[in-house]
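S.K.: sequence? don't have it. structure:
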Ligand SMILES: Nc1ncnc2c1ncn2[C@@H]1O[C@H](COP(=O)(O)OP(=O)(O)OP(=O)(O)O)[C@@H](O)[C@H]1O
Ligand SMILES: [Mg+2]
């Protein structure tokens, strides 16, 4: 390496002491010109003359980078020896740290430096920043007695069980790694005993302290470990005392089924190992399915649009039956005539009385127009004709009671004109003649749990509600009577008392008898009403539900199939992972705070990645 | 706004970094990489080939082994199975790699190592250094050491590593980690499948949460050296045979037309000619150069020998190459041939010294075998984290082909290749991973300390470095 002297030699500088002097000479005097443009060569600056420069000159001062703040002399760094308390052996490593500023001002002399380094040597930092990464996994533990009493297995020797626990701890429940590293071999000296023991071969395996090593699958290992964990858990906390969390862990542990797991994995493997053709076929089927679905959607949408454009009336059996009649030109002709007539009659009526509402008209008209015989009928006897017309003219489709029920079809002898809302009807029923009575009905209904506003006031609900209301008002009436009677009783009793006090002994038994009577009947009634009420609420809803459920079930089935197809390639594995990881984490948390394990020492990967990113 | 500059310390806990001036050593068949943990490239990269003179003197380093002098045999300390064979030389060479560039002959204290000496430094520095060596025999007394090992390293070899580090070099703390894991770390992954195509070996290593799944580790000798030997055969089997003249034999050259015989004046080493092994090594340098600039991997779809692919390749523009002696040619479809053997054993060129490689040694088959050994639940996750590393993966279009092959085997999973774009990261991934690991604060507790070594013996590596 070239020393300073060599360099000086090469540059032809005088050796030694002259150098600092030259440095002193070089110190620049303050610049003569008052306006010195920065960032521009001197020669260029001279060309500017007096005027400001024609273009903005980038000034170095405005650099975006934060300027180094020179706060005094350079900070000193030292290699600070430290220990990590997580290490049992007290290994001392050194890292760079700012020299503590609290140290006394150090003179720049050899002595001081020496002293300083001695001080630092003496100081040993205990670096606790990373102790949090020293995480031990929670493991179930058992004693020899417990093992002998509860945990024996025909398939597992004690030695191998211990080995299993050791490996699980070493690899923190990472079952894939545990299986990868699981290499159990019975220890040597025991091998000899085995040879001796071969004589009495028929001994049960579990009583032997060893078992021939065999190839175990992950499921075998898990099954054994979970079984022991579950048994120990039950031993420590009786089932009834477990809280929800513990119990679900316990359940998870007991429900582990190695055979099912194995089958699941076989399926997953088969899924991964599909060849190109199979994958292509699946892809093809999936696109086909998607295409069909899309087409179906489009078709539906188109139909919907068509329907809305036609503005079809609500599906009313009578009406649709009537509409069928208008398919021929003859029938249309009849319709026209009928409308014409109707118009005229309307004009006539407009003078005085209240004409029928438009809506009711159209419905009625349509129903009865087709018949040629009725053409001459005047508006006056229209109603009558309506009653007989369906049977005579249009082929009314008769529905079975069930269908009628299902489609909510009802037949009426008489229809009131106009449109009414079911909810209005219900509301009206709540109102009695007097305000007090109304209030009473309200509280009664409230106590029965009937909502203020009934959401789907179908006619059936309306009927039932009507029933209920009549019963309620009956009940209220009965109550009123009872109250009156009771009052009378009280008066009579008081009179009797007075009389007894007064010496008279004649007692009238009648009121006493009446009291139970009057109390009895309303009670029975009330009970009955309760029942009725329940029915009223329950029935229609239940029935509707039934219908809905049917539909949904079908849809569901269809949807499920589709999904299954679509996700088949990934879902199985994903689920598998989830399951096993759940089991793993549950198993961990037996002792309590198992979650912490996730921040274990081996999670360095992620930290590294973040560090890399910063780099 | 206060933008941190190079002189502001990173916020505490910003990343778990806490450097302890550890040294990371990543020995490979072609080069040994060494450097300080926390840096992003190894400062010292030195060839694993070394010269051994007839007098038993060792020559290390790029300059020494390429100097054409007589009586020097060029050797390599690695065995054919990818495990260190010649431990004595390995120790010397590694020590050279560390001390020549990193610690200096006198390790440790930067205040006194001569780099920071001021104006009064004088010519005595050399003498002082020699004194220092005598005073301070153990070269690594101040630096913890992290060494990388191949995934298939034997238990005995692992113990040897710690013995060298502790006994010969006196390191205060030591750790051994597999190259696969470190390469994954370098790509920011804790789990994945690592495909490492180096010089002597190709390896496939499944890694889960920073731990190698041992049963899944696969290796094969189809790697950089194999490609070199394929090129050699291409040259031999060409008509007329393509001459392979290393640089050191050429005095001067003149330009000739493509394919025309070279017109160069050659050096003569009458008195003290370099050995055959020297020439072989120099020829390999040319082959490496050829590999880097001409050889191309058939990118798929299909294999190179399939159907019309060869015809297609004929229509692609060729790539020119000029030998040290001036001979030059444009290489057409034959340039695809050299690396095809990595993926398709039946396409490999063979001769009596180079038998046909086995089918299960090809990279796709290795991947398949590795995946097969992993729990079914982990497979999709691993396949979506395939880390590609090693110098030979820099072959042109290598990744395209690998991608094609893997998707061909596993068409139903989401397979993702993670191949760092920069050459340095690809070549030195294992070292970089080691650099990250050894500079983490959370790693402090994993080191095997000297005390622990003395207490438990060399067997402790098996327990601690899993
Ligand atoms: N740009 C390139 N194109 C093709 N091959 C290259 C390129 N750069 C390097 N190589 C090859 O890569 C190999 C070196 O790779 P690497 O450094 O990963 O190997 P190694 O780790 O020393 O060996 P191993 O892993 O087998 O012990 C050499 O064979 C070299 O010829
Ligand atoms: Mg390598």
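M.R.: Noted; the coordinates are in hand. All of these numbers come straight from a predicted model, not from anything done at the bench. Ligands and ions are numbered 1, 2, ... in the order given.
S.K.: contacts and neighbour counts: CA atoms only from here.
M.R.: Will do.
S.K.: any idea how far residue B:251 lies from residue A:131?
M.R.: To residue A:131, residue B:251 is 64 Å away according to CA to CA, to the nearest Å.
S.K.: cool, and residue B:208?
M.R.: 24 Å.
S.K.: before we move on, what about residue B:77?
M.R.: 40 Å.
S.K.: equivalent analysis for residue B:450, please.
M.R.: Counting by CA to CA - residue B:450 and residue A:131 are separated by 21 Å.
S.K.: hmm, back to that, of residue B:208 and residue A:131, who's got more company?
M.R.: Set side by side, residue B:208 and residue A:131 show more neighbours around residue B:208, with 21 against 17, by other CA atoms under 10 Å in any protein chain shown.
S.K.: which residues of the chain score low on pLDDT?
M.R.: As the question left the chain open, I've gone with chain A. A:1-4, A:13-40, A:48-68, A:101-122, A:187-214, A:311-328, A:347-397, A:502-615 (pLDDT under 70).
S.K.: um, chain B though
M.R.: Scanning chain B for pLDDT under 70 picks out the ranges B:1-14, B:105-137.
S.K.: which bits of it sit near ligand 1?
M.R.: Residues of chain B lying close to ligand 1 by CA under 6 Å from any ligand atom are B:28-31, B:198-201, B:224-225, B:288, B:291-292, B:390-392, B:394-395, B:427.
S.K.: any residue of the helix or strand harbouring residue B:24 touching chain A?
M.R.: Residue B:24 belongs to strand B:23-27 when assigned by DSSP states H and E. No. Using CA under 8 Å from any CA of the partner chain, we find that strand B:23-27 stays clear of chain A, coming within 12.9 Å at best.
S.K.: give me the contact list for that strand.
M.R.: For strand B:23-27, contacts defined as CA atoms under 8 Å, 6 or more residues apart in numbering or on different chains pick out B:32-37, B:48, B:94, B:98, B:143-149, B:430-431, B:434-435, B:438.
S.K.: how about the residues of chain B that lie near ligand 2?
M.R.: Within chain B, the positions near ligand 2 by CA under 5 Å from the ion are B:28, B:198.
S.K.: nearest the geometric middle of chain B, what residue?
M.R.: With distances taken as CA atoms, centre = their mean, residue B:28 lies nearest the centre of chain B, 4.4 Å away.
S.K.: from what I can see that residue touches residue B:48, true?
M.R.: Yes. Counting by CA atoms under 8 Å, residue B:28 does reach residue B:48; the two are 7.1 Å apart.
S.K.: show me what residue of chain B gets nearest to chain A.
M.R.: Chain B approaches chain A most closely through residue B:188 (3.9 Å), counting by CA to the nearest CA.
S.K.: now do that residue against residue B:432, distance only.
M.R.: In terms of CA to CA, residue B:188 sits 11 Å off from residue B:432.
S.K.: only the buried residues of the helix or strand encompassing residue B:400, if you could.
M.R.: Counting by DSSP H and E, the element that carries residue B:400 is helix B:398-409. For helix B:398-409, the buried set under the neighbour-count rule, 16 or more other CA atoms under 10 Å in any protein chain shown, comprises B:398, B:399, B:401, B:402, B:403, B:404, B:405, B:406, B:407, B:409.
S.K.: same check on stretch B:338-347?
M.R.: By neighbour count on 16+ other CA under 10 Å, the buried set for stretch B:338-347 is B:338, B:339, B:340, B:341, B:342, B:343, B:344, B:345, B:347.
S.K.: OK, contacts around residue 430?
M.R.: The chain I'm using is chain A. A:438, A:441, A:442, A:469.
S.K.: oops, I was thinking of chain B
M.R.: Shown in contact with residue B:430 (CA under 8 Å, 6+ apart): B:26, B:148, B:179, B:180, B:181, B:182, B:183, B:184, B:186.
S.K.: from those residues, which two are the most distant?
M.R.: Greatest spacing in the contacts of residue B:430, by CA to CA: B:26 and B:184 (14.6 Å).
S.K.: out of those two, which sits in the busier spot?
M.R.: Using other CA under 10 Å as the criterion, residue B:26 and residue B:184 rank with residue B:184 on top: 32 against 27.
S.K.: what about the strand or helix carrying the more buried one, distance to the chain center?
M.R.: For residue B:184, the enclosing helix or strand under DSSP H and E is helix B:179-186. Centre-to-centre, helix B:179-186 and its host chain are 13 Å apart (CA atoms, centre = their mean, to the nearest Å).
S.K.: and that helix with strand B:23-27, angle?
M.R.: Here helix B:179-186 runs at an angle of 130 degrees relative to strand B:23-27 (axes from the mean of the first three to the mean of the last three CA atoms, to 10 degrees).
S.K.: quick one: contacts of helix B:179-186?
M.R.: Residues contacting helix B:179-186 (CA under 8 Å, 6+ apart): A:605, A:608-609, A:612, B:148-151, B:190-192, B:194, B:196, B:205-207, B:210-212, B:387, B:389, B:429-434, B:436-437.
S.K.: please apply the same query to stretch B:142-155.
M.R.: Contact with stretch B:142-155 is made by B:20-27, B:82-83, B:107-108, B:161, B:165, B:171-180, B:205, B:212, B:214, B:217, B:430-431, B:434, B:438, B:462, as judged by CA under 8 Å, 6+ apart.
S.K.: mind checking which of those are buried?
M.R.: Those of these that meet the buried threshold are B:20-27, B:82-83, B:107-108, B:161, B:165, B:171-180, B:205, B:212, B:214, B:217, B:430-431, B:434, B:438, by 16+ other CA under 10 Å.
S.K.: mind checking which of those are in strands?
M.R.: In this view, the buried ones among the contacts of stretch B:142-155 that belong to strands under DSSP state E are B:23-27, B:173-178, B:205, B:212.
S.K.: which one of these is nearest to ligand 1?
M.R.: Nearest to ligand 1, judged by CA to the nearest ligand atom, of these is residue B:27 at 6.8 Å.
S.K.: number of nearby residues for residue A:254?
M.R.: The tally of other residues near residue A:254 (other CA under 10 Å) stands at 16.
S.K.: tell me which residues touch it, please.
M.R.: A:226, A:227, A:230.
S.K.: how close does it get to residue A:260?
M.R.: Look at residue A:254 and residue A:260: by CA to CA, they are 14 Å apart.
S.K.: over to residue B:447?
M.R.: Separation of residue B:447 from residue A:260 (CA to CA): 42 Å.
S.K.: between the two, which one's more packed in?
M.R.: Between residue B:447 and residue A:260, counted using other CA under 10 Å, the more crowded position is residue B:447 (21 against 11).
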